[in-house]
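Q: For reference, the sequence and a predicted model appear below.
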Amino acid sequence: MRAEEALEAMGMAYVELLHDREALLGQLQAHAAAVNDPAVREAVRQGFAELYEFVAGASLASDEEIQAWLAHGCCSTSSRRWTPSASTPRGARAARAS
């Protein structure tokens, strides 16, 4: 499998994960908490380093290809439309609707 094919396959798998609302919110909350909490920051940093090493080993892509692929994934995560659920607090649903 070529690097491009491997990155595409992993990207498609990640897109499927984005449908899991709790996983998506957990990821976003971890990144937000990393700003002020050194323990969370280290856990996020370590997880990202492990992700990078996994992608590098699975795809054999260049550093430039991996960086572009990860940047696209970050954009996909942050641009994913968040849809409130029935369990979302009423104020948040109202704020989201406006």
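A: That came through, no problem. Since the structure is predicted, the reported quantities are computational estimates derived from the model, not experimental observations.
Q: Okay, buried residues for stretch 47-67 please.
A: Neighbour-count burial for stretch 47-67, with 16 or more other CB atoms under 10 Å as criterion, is recorded at 55, 59, 61, 65-66. Glycine gets a C-beta too; all of them are placed from N, C-alpha and C.
Q: Nearest to Q46, out of those residues: which one, please.
A: V55 (15.1 Å; CB to CB).
Q: The host helix or strand of F48 - contacts with which helices or strands?
A: Element membership for F48 (DSSP states H and E) is helix 38-59. Secondary-structure packing of helix 38-59 (3 or more CB pairs under 8 Å, 6 or more residues apart in numbering; DSSP states H and E): helix 3-17, helix 21-33, helix 63-79.
Q: need the ones you listed in CSV with distance to A43 and mean pLDDT, can you?
A: Listed next are these as CSV, based on distance: least, CB to CB, whole Å; pLDDT from 0 to 100:
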stretch, distance to A43, mean pLDDT
helix 3-17, 19, 89
helix 21-33, 7, 89
helix 63-79, 17, 82
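Q: Could you export those helices as TSV, including distance to F48?
A: Shown next, in TSV, are the helices and strands packed on helix 38-59 (distance: least, CB to CB, whole Å):
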stretch	distance to F48
helix 3-17	14
helix 21-33	9
helix 63-79	8
